[in-house]
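> this one's structure only:
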Ligand SMILES: Nc1nc2c(ncn2[C@@H]2O[C@H](COP(=O)(O)OP(=O)(O)OP(=O)(O)O)[C@@H](O)[C@H]2O)c(=O)[nH]1
Ligand SMILES: [Mg+2]
Ligand SMILES: [Zn+2]
């Protein structure tokens, strides 16, 4: 029984990897930089994206977003208010995005006309680590309100990312957030990784984050 479950799971992951490979080629061919944002529910993925999409568009860049949630189009509506093209993916009970869902929601997007495509994953620190979505950059978000030890508790996810963003830094003092410990924990799981510290509320740290995106758009090699 257990062997059968493991085999099924491996089959699903293999199929996902193949579809993700196809997506990655498609994104590279179109010249669009794709980022997959992963974190616990409520870390501030949508809030960071709202601000990011606004600022990128103000600088003349073309950016779009796909956003995954089990139900509702609340996040898509928040993101669409920035003026960017946005699609909601409702997974109806599945707790992560899969490459197939991403592929299905690209119809009608003119990828070659985009500089950036952001994929906001379903809030979950476990299985998004196993599902490649064809992204070039995987971003883990960690908010100051959720504890400095998340990277140690969810090493598989933090180990799978290219960059991390500590969010809600405007609340750091109120939460007695231990910045040094958080940075040490991230570094323990993913040594040398670049870490941004942002507030979607005050705009702190946004300049560094946007500079990074801009540099990746110009120079990033394939994953
Ligand atoms: N003070 C403060 N609040 C924030 C910040 N970013 C997000 N929030 C708040 O945190 C809550 C959750 O933010 P969301 O952006 O919806 O979080 P999310 O990660 O997209 O959540 P899910 O999509 O449900 O996983 C909201 O009430 C936001 O207003 C921030 O930088 N500072
Ligand atoms: Mg969200
Ligand atoms: Zn899942």
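Nice, thanks for sending it over. What you are looking at is a predicted structure, and each value in this text was computed from that prediction instead of being measured. Ligands and ions are numbered 1, 2, ... in the order given.
> tell me the residues of this protein that contact ligand 3?
95-96, 127 (CB under 5 Å from the ion). Using the backbone N, CA and C atoms, a C-beta is placed for each residue, glycine as well.
> write a PyMOL command that selects only the buried members of those residues.
In PyMOL, this line selects whichever of the residues of the chain next to ligand 3 come out buried by 16 or more other CB atoms under 10 Å:
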select buried, resi 96+127
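> so which of the residues of the chain next to ligand 3 is the closest to residue 49?
residue 96 (17.8 Å; CB to CB).
> surely the closest one touches residue 124?
Yes - using CB atoms under 8 Å, residue 96 makes contact with residue 124 at a distance of 5.7 Å.
> what sits against the residue of the chain found nearest ligand 1?
Residue nearest to ligand 1 within the chain: residue 123 (2.7 Å; CB to the nearest ligand atom). By CB atoms under 8 Å, 6 or more residues apart in numbering, residue 123 lies in contact with 39-43, 45, 69.
> show me where pLDDT drops low in the chain?
1, 220-223 (pLDDT under 70).
> closest point of it to ligand 2, which residue?
Proximity of the chain to ligand 2 (CB to the ion) peaks at residue 46, 3.3 Å away.
> isn't that residue right next to residue 75, touching?
Yes - Residue 46 lies in contact with residue 75 (CB under 8 Å); the separation is 4.6 Å.
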